[in-house]
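Student: Structural data only, the sequence is not supplied:
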């Protein structure tokens with residue numbers, strides 16, 4: 001699904017892609033004596049970042065486009081922008097309504113991490129059910145190890161380990177011969193980095209494992225992906241959503257430069273949906289030595305990458321969680337209801353990316 005370049009760290013520091021990542025990455029003022037939470041981020045020069053929101057507004061006003069950007073002539077209900085020097089890359093600014101954004105934020109937090117879909121927590125904690133609800137209810141994931149007997153000849157006991165959600169007041173590690181470890185659900189939620197939908201990707205073998213149990217991609221998401229993929233599809237063909245990965249970003253998180261190269265047909269696009277806080281996206285070349293372009297990704301934007309664009313390194317070096325630059329005012333207004341505050345609390349400092357693929 002992803003492939004990073006194989007250069008050594010010391011070499012990577014000298015590549016154009018790595019230098020640009022470091023240029024936009026979040027760094028704090030190390031001269032401050034206070035804790036990191038109170039330190040101010042070092043200002044970043046954003047003057048060279050492509051802003052498709054401004055391009056869309058300008059195009060709607062006077063029909064003009066900046067040098068290097070074109071508009072795809074296609075039967076679509078909103079402008080689809082292209083980069084002249086990058087065939088197969090398409091940017092659909094503000095493609096999702098606020099209602100659609102809120103829906104997929106909620107689904108990404110509640111439904112998509114549910115087993116049998118896998119997350120980055122599986123390796124350590126196994127299948128974790130109802131993570132978001134448990135975090136909302138301030139529960140703990142309790143690992144209980146209970147001695148159930150053993151071999152009387154050797155004196156060796158058997159241990160059974162189980163995990164469950166519990167409230168703090170339920171815990172009493174001194175009862176029943178149990179020992180307990182616990183971790184707050186809120187901590188696990190903040191450490192959630194990815195979940196997979198549809199066909200599951202085996203990270204150890206770097207291939208899709210069709211034998212792994214999984215939930216199908218929801219029909220509504222499939223239909224949305226098909227519609228959004230249409231401008232990048234070969235004539236007469238329809239996009240077939242078969243797998244997706246949902247990435248979760250918090251303050252300071254980044255996604256290093258990589259290729260998406262495990263699907264059979266690179267002429268079929270990856271449909272990438274942005275939700276939540278604004279981010280910087282880097283689109284490089286076929287080598288890390290090629291200078292990448294930086295562009296803003298806002299909540300509701302959709303990027304399509306197909307053909308030659310699939311051969312280019314890309315990544316996310318920065319998300320913006322500060323009030324001025326996060327640009328989620330519309331989401332804050334829509335999620336202000338008492339029942340939605342839990343989603344707002346998360347998304348105010350987070351970005352979610354859903355990227356949908358045709359595997360075969």
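Tutor: Cool, the structure landed. All of these numbers come straight from a predicted model, not from anything done at the bench. Numbers count the residues shown, from 1 in each chain.
Student: Where does residue 274 sit, in terms of helix or strand?
Tutor: Taking DSSP states H and E as the definition, residue 274 sits inside strand 270-276.
Student: Output the contacting helices and strands for that strand.
Tutor: helix 98-110, helix 219-229, strand 302-305, strand 350-357 (3 or more CB pairs under 8 Å, 6 or more residues apart in numbering; DSSP states H and E). Quick note: C-beta positions are derived from backbone N, CA and C, even for glycine.
Student: Quick one: those as a markdown table, columns for mean neighbour count and mean pLDDT too.
Tutor: Shown next, in a markdown table, are the helices and strands packed on strand 270-276 (neighbours: other CB atoms under 10 Å; pLDDT from 0 to 100):
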| stretch | mean neighbour count | mean pLDDT |
| --- | --- | --- |
| helix 98-110 | 19 | 98 |
| helix 219-229 | 18 | 98 |
| strand 302-305 | 24 | 98 |
| strand 350-357 | 24 | 98 |
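Student: Redo the ones you listed as TSV? Include distance to residue 199.
Tutor: Output for the helices and strands packed on strand 270-276, formatted as TSV (distance: least, CB to CB, whole Å):
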stretch	distance to residue 199
helix 98-110	18
helix 219-229	13
strand 302-305	19
strand 350-357	9
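Student: between these, which one is nearest to residue 132?
Tutor: helix 98-110 (4.6 Å; CB to CB).
Student: Can you name the element that comes right after the closest one?
Tutor: Sequence-wise, the next helix or strand downstream of helix 98-110 (DSSP H and E) is helix 122-125.
Student: which outside residues touch that next one?
Tutor: 128, 141, 163, 188 (CB atoms under 8 Å, 6 or more residues apart in numbering).
Student: Which members of the residues you listed are the farthest-apart pair?
Tutor: Maximum pairwise distance among the contacts of helix 122-125 (CB to CB): 11.2 Å, between 163 and 188.
Student: list residues touching both of these two?
Tutor: With CB under 8 Å, 6+ apart as the test, residue 163 and residue 188 both reach 125, 128, 141.
Student: Just say helix, strand or coil for residue 64.
Tutor: Following DSSP: H, G, I helix; E, B strand; the rest coil, we place residue 64 in the coil state.
Student: Now do the contacts for it.
Tutor: By CB under 8 Å, 6+ apart, the neighbours of residue 64 are residue 58.
Student: close enough to count as contact, residue 259 and residue 305?
Tutor: No. Residue 259 is beyond contact range of residue 305, at 10.2 Å (criterion: CB atoms under 8 Å).
Student: Find the residues that touch each one of the two.
Tutor: 312, 314.
Student: Can you pull the poorly scored residue ranges out of the stretch 51-200 of the chain?
Tutor: 146-160, 171-179 (pLDDT under 70).
Student: One more pass at 90, please.
Tutor: 143-163, 168-181 (pLDDT under 90).
Student: ranges for the strands of it?
Tutor: For the stretch 51-200 of the chain, the strands defined by DSSP state E, counting those that start in this stretch cover 69-71, 81-83, 89-92, 140-151, 156-166, 178-184, 194-198, 200-202.
Student: Spit out the contact partners of the residue nearest to residue 250 when sequence neighbours are not counted.
Tutor: Counting by CB to CB, 6 or more residues apart in numbering, residue 250 lies nearest to residue 350, which is 5.6 Å off, once chain neighbours are set aside. Shown in contact with residue 350 (CB under 8 Å, 6+ apart): 248, 249, 250, 276, 277, 319, 321.
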